[in-house]
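Trainee: Could you work out the structure for the sequence below:
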Amino acid sequence: MRYELSLKGDTFTPVVEAFDRRLLATLDRMRKQGLQEGSITLRINIELWKQFPIDEDGQEHEIFVPTFDHEVSSQIVQKDKASGKIDEDFVLVRGADGLPALVSRDSENLFDMVERKEAGDDGTAAAD
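Mentor: Below is the predicted model:
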């Protein structure tokens, strides 16, 4: 008997059936939970074993015997995030310790920045 090496053939019927069941269950869960993103992964691991059976005449023959292990998994993405923006009137300067620091633009006027720059401190954080 010859077996077809295709997901469409009878050889992989259990794999396709497992995939179909997982697909339906995932879609049903997504619908019930009101989720919009999900994924299904089909993984097929193949092992190929070399064997040397002996025929009725005592002749040894080299053959390759494959085994296929499959795994079907699904993941539903449920996002819960908080976002915002911090856009205070900050200025990034180099602090007395040499590390980057944020100061209010009100406390650092343009004249102070120019004066510090002329003194050798440009008011920017050092690049790493």
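
Trainee: Strands along this structure, start to end?
Mentor: Using DSSP state E, the strands found in the chain span residues 37-51, 63-77, 90-94, 100-104.

Trainee: average model confidence for the third one?
Mentor: Average pLDDT, strand 90-94: 74.

Trainee: winner for burial among the strands of the chain?
Mentor: Comparing the strands of the chain by mean neighbour count (mean count of other CB atoms under 10 Å), strand 90-94 ranks first with a mean of 16. Where C-beta positions appear, they are placed from N, C-alpha and C, glycine not excepted.

Trainee: Tabulate the CA atom coordinates of that one in CSV.
Mentor: Extracted in CSV, the C-alpha atoms of strand 90-94 (Å, rounded to 0.1, in the frame of the first residue of the first chain):
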residue,chain,number,x,y,z
PHE,A,90,11.0,69.5,30.9
VAL,A,91,14.6,70.1,29.8
LEU,A,92,17.2,67.3,29.8
VAL,A,93,20.4,68.4,31.5
ARG,A,94,23.5,66.9,33.0
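
Trainee: Name the strands paired with it and say parallel or antiparallel.
Mentor: strand 100-104 (antiparallel) (DSSP bridges).

Trainee: contacts for the partner strand?
Mentor: Strand 100-104 is contacted from outside by Glu88, Asp89, Phe90, Val91, Leu92, Val93, Arg94, Gly95, Ala125, Ala126, using CB atoms under 8 Å, 6 or more residues apart in numbering.
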